[in-house]
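Chemist: Sharing a model that was predicted from the sequence below.
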Amino acid sequence: MTFGYQYDFGSTTELMITVANYRVMNNRKEKLIILSRNNPIEILCEECGKKPVAYICTECFYEGSGRLCEDCTRTHECGEEMLLPVCNSPRMGVCGYCGSDIYPDQFVADK
């Protein structure tokens, strides 16, 4: 099954989601258990090309650049107030999104 999903209609992020597998369970009133999640990909800094990206410059991001490592953010011309942290989400770099306080960026299966 494949379906579309849209986040936040003010600054929309559109996704096409494909269900790879599913499990039918009894109706339970216990909390939801996440069975799987994408692990973040490692992207290298666009300035130095050596270290992993730690921040995205929101000013440069809409022009297709602005992915910076920790070191390169110190000399980036747009300033610290334009930086958002890299997170494991399609919303990374969009509309002030800084990631989840509940789920870590690296997937760890529930017990």
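Modeler: Yes, it's here.
Chemist: Around residue 18, count how many other residues there are.
Modeler: 7 (other Cβ atoms under 10 Å). From N, CA and C alone the C-beta is placed, and that goes for glycine too.
Chemist: what do you get for residue 20?
Modeler: Residue 20 has 7 neighbours, counted by other Cβ under 10 Å.
Chemist: confidence score at it?
Modeler: You'll see residue 20 listed with a pLDDT of 83.
Chemist: What of residue 60?
Modeler: 91.
Chemist: tell me the contacts of it?
Modeler: Applying Cβ atoms under 8 Å, 6 or more residues apart in numbering, we find residue 60 in contact with 66, 78, 82.
Chemist: try 7 Å this time
Modeler: 66, 78 (Cβ atoms under 7 Å, 6 or more residues apart in numbering).
Chemist: which of the residues in whichever strand or helix holds it are buried?
Modeler: Assigned by DSSP states H and E, residue 60 belongs to helix 58-61. For helix 58-61, the neighbour count (16 or more other Cβ atoms under 10 Å) marks 58-61 as buried.
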